[in-house]
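> Generate coordinates for the sequence data below:
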Amino acid sequence: METTKVVLGNVRGEIQLFSNDTKAGKMDISVMGNKLTVYHTEVSEEYAGKGFAKILLDKLVSYARENDLKIVPLCPYVHAQFKRNPELYNDVWLKEE
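Modelled structure (predicted):
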């Protein structure tokens, strides 16, 4: 069974994904003010192709919505998902002008 949790230090942290108590993936993030910046998404090789990056993305977006944050998608995966599906993410996507 997959579980996720957000682990934040002072500013930097990560969203962690566990599969049967084994860390399967993570997103490197930071929160400053009302901005949540996502830098990198990583899923362990043995879990590749199982939709785990999408699980992490869903947790990222839920966390942003729950905490009134706007996401700065520096991570190529997250940015690509936002561009492909703007209707799903416009409310949390901080587009740099």
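
> hey, let's count contacts and neighbours off CA atoms from now on
Fine.

> continuing past the top helix by length along the chain, what's the next helix or strand?
Secondary structure assigned by DSSP state H gives helix 52-66 as the longest helix of the chain. Helices and strands here follow DSSP states H and E; after helix 52-66, the next one along the chain is strand 70-73.

> Tell me which residue lies nearest the centroid of this protein.
For the chain, the residue nearest the mean C-alpha position is L60 (3.6 Å; CA atoms, centre = their mean).

> List the contacts of that residue.
I15 (CA atoms under 8 Å, 6 or more residues apart in numbering).

> Please, where are all the helices along this protein?
Under DSSP H, the chain gives helices at 52-66, 76-84, 86-89.

> Quick check: which of the ones you listed is buried the most?
Of all the helices of the chain, helix 52-66 has the most neighbours on average by mean count of other CA atoms under 10 Å, namely a mean of 18.

> I'd like the distance from it to the chain centre, please.
Offset of helix 52-66 from its chain centre (CA atoms, centre = their mean, to the nearest Å): 5 Å.

> now do stretch 42-55
13 Å.

> Pull the CA coordinates from that stretch and hand them back as CSV.
Output of stretch 42-55 as CSV, limited to C-alpha atoms (Å, rounded to 0.1, in the frame of the first residue of the first chain):
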residue,chain,number,x,y,z
GLU,A,42,12.4,11.2,-8.1
VAL,A,43,11.0,7.6,-8.1
SER,A,44,13.3,4.6,-7.3
GLU,A,45,14.0,2.5,-10.4
GLU,A,46,12.2,-0.5,-9.1
TYR,A,47,9.0,1.5,-8.9
ALA,A,48,9.3,3.2,-12.3
GLY,A,49,6.2,3.1,-14.5
LYS,A,50,3.7,2.5,-11.7
GLY,A,51,2.3,6.0,-11.6
PHE,A,52,4.2,6.9,-8.4
ALA,A,53,5.3,10.4,-9.8
LYS,A,54,1.6,11.1,-10.3
ILE,A,55,0.8,10.1,-6.7
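
> Can I get the helices of the chain in a markdown table including distance to V31 and mean pLDDT?
Output for the helices of the chain, formatted as a markdown table (distance: least, CA to CA, whole Å; pLDDT from 0 to 100):
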| stretch | distance to V31 | mean pLDDT |
| --- | --- | --- |
| helix 52-66 | 10 | 95 |
| helix 76-84 | 16 | 97 |
| helix 86-89 | 18 | 97 |
